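Engineer: Got a predicted structure plus its sequence, pasted below:
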Amino acid sequence: MLTWYYASKTDEQHLAFTRQFGELEFNPAALIARQYGIETQTAGRKREIPPEISVISNIIEDGKAIGGLGDGEAFWHTDSSFVDVPPTASLFRALEVPPASAGGATSFLNCYTAYDTLPDQTKKRIDGRMMIHAATHSSAGRAHKGFEKVDDVSRVPGARQPMVRTHPETGKKALFLGRRINAYVIGLPVAESEELLNELWTDTTQERFTWTQE
């Protein structure tokens, strides 16, 4: 997943520029509703937003967050990995940017290096394995309607994705974990899956694998 930053004045310009790279995908809420029939929370916006655009904001208007993820922080995640074929890239357009001292930074994980530095035993354990990238929560940790409590993570809706992906041109391997909430390693007892995923997330989110844009 690549992420680009681009300055445009209108939604239409933003969409027109992005279409130069290929067909556009819907935003995560629209994707979940379309593929899984799960009702998601909608933001309190005063204008209609094209379904290809996802608004990320901490602004509250009339008592409601205008952003698709509410007004809080997002957890570590891969964009839209809960669908069978995730989008290749995301393109950000900043309308209002707070000063670095007020927050608003965006951080990225290097999942190539995180994989490279795993113990050989762990690599053998996860190479070739698949996991469920659950569609039960947003990247801000909000549960979608009907999934406030999940009793069996092995049966949640979501995409089956390889735990390790190989770049088609470079041949380099990278971890592909999606997000932590309700993830499940297929074929393992739930307790063993939880232990493995906790171990991987703890290792992968070390500061040495992160880069932050302020």
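Structural biologist: Noted; the coordinates are in hand.

Engineer: Please name the nearest non-neighbouring residue to Gly178.
Structural biologist: By the measure of CB to CB, 6 or more residues apart in numbering, the closest residue to Gly178 outside its immediate chain neighbours is His133, 3.6 Å from it. Where C-beta positions appear, they are placed from N, C-alpha and C, glycine not excepted.

Engineer: what's near enough to touch that neighbour?
Structural biologist: 78, 81-82, 158-159, 161, 178-179, 183 (CB atoms under 8 Å, 6 or more residues apart in numbering).

Engineer: Ok, Asp84 next?
Structural biologist: Listed by CB under 8 Å, 6+ apart, the contact partners of Asp84 are 159-160.

Engineer: related to what we said a few turns ago, and the residue nearest to Gly178, what element?
Structural biologist: Taking DSSP states H and E as the definition, one finds His133 inside strand 130-134.

Engineer: Burial check on Leu31, number of neighbours?
Structural biologist: Leu31 has 20 neighbouring residues, counting by other CB atoms under 10 Å.

Engineer: what packs against the strand or helix carrying it?
Structural biologist: Using DSSP H and E, the secondary-structure element containing Leu31 is helix 28-36. Packed against helix 28-36 by the contact rule (3 or more CB pairs under 8 Å, 6 or more residues apart in numbering; DSSP states H and E) you find no helix or strand.

Engineer: What separation do you get for the most far-flung residue of the chain relative to its centre and Asn27?
Structural biologist: Each residue of the chain has a distance to the centre, and by CA atoms, centre = their mean the biggest one is for Asp62: 27.9 Å. Asp62 sits 22 Å away from Asn27, going by CB to CB, to the nearest Å.

Engineer: Select the longest helix from the protein.
Structural biologist: Of all segments of type helix in the chain, defined using DSSP state H, the longest is helix 190-204.

Engineer: helices or strands next to that one in the packing?
Structural biologist: In terms of contact count using 3+ CB pairs under 8 Å, 6+ apart, helix 190-204 is assigned the packing partners helix 111-116, helix 120-126, strand 184-185.

Engineer: contacting residues around the nearest residue to Leu69 once chain neighbours are set aside?
Structural biologist: Distances taken as CB to CB, 6+ apart place Ala140 nearest to Leu69, at 3.9 Å, with adjacent residues excluded. Contacts for Ala140 (CB under 8 Å, 6+ apart) come out as 69-70, 72-75.

Engineer: Can you say which of these are buried?
Structural biologist: Neighbour-count burial within the contacts of Ala140 applies to 69-70, 74; the criterion is 16 or more other CB atoms under 10 Å.

Engineer: Can I get those in a markdown table including secondary structure and distance to Gly22?
Structural biologist: Formatted as a markdown table, those follow (DSSP: H, G, I helix; E, B strand; the rest coil; distance: CB to CB, whole Å):
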| residue | secondary structure | distance to Gly22 |
| --- | --- | --- |
| Leu69 | coil | 24 |
| Gly70 | coil | 29 |
| Ala74 | coil | 25 |
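
Engineer: How are the strands of this structure distributed by residue range?
Structural biologist: For the chain, the strands defined by DSSP state E cover 2-5, 60-61, 64-65, 89-92, 106-109, 130-134, 158-162, 164-166, 173-175, 184-185, 210-213.
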